[in-house]
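Enquirer: below are the sequence and a predicted model; questions follow.
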Amino acid sequence: MAGVSEYRTVVKQLLQEYAQQPPVGGRVEMETIFDEVQDRYQLVAVGWQGKRRVHGCVIHIDIKADKVWLQHDSTDAEVAQELVRRGIPAENIVLGFQPEQYRFHSGFAVH
């Protein structure tokens, strides 16, 4: 994989695919948010489940210093592994939601 522009493409495609999967129950829409200027990408759930308002980040990915930072993942899917399957080297993926002192156990980048 060549670099940041390819990482952007992979991240956006992945989030668009997840957004197409119907949420479980309620009237919830999955929205993608792409900020290519600051390299921030999110999948957000918005809607209602009965009387309960749903609004929250499902997946948050940043691209910083030529690395893909998985900042938040509230899915059952293995998003980091899916990024690897799509061509992003594990050493260029940081699990930002894990404390830095534990990241070296993950098989992904520490920082």
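Expert: Perfect, I can see it now.
Enquirer: please name the residues that touch Gln42.
Expert: Counting by Cβ atoms under 8 Å, 6 or more residues apart in numbering, Gln42 touches Leu15, Thr32, Ile33, Cys57, Val58, Ile59, His60, Ile61. All C-beta atoms are positioned from the backbone trio N, CA, C, and that covers glycine.
Enquirer: rerun that using 7 Å as the cut-off
Expert: With contact taken as Cβ atoms under 7 Å, 6 or more residues apart in numbering, Gln42 is in contact with Ile33, Cys57, Ile59, His60.
Enquirer: that one and Lys12, how far apart?
Expert: Noted for Gln42: a distance of 11 Å to Lys12, by Cβ to Cβ, to the nearest Å.
Enquirer: over to Asp66?
Expert: 17 Å.
Enquirer: between the two, which one's more packed in?
Expert: Using other Cβ atoms under 10 Å as the criterion, Asp66 and Lys12 rank with Lys12 on top: 15 against 9.
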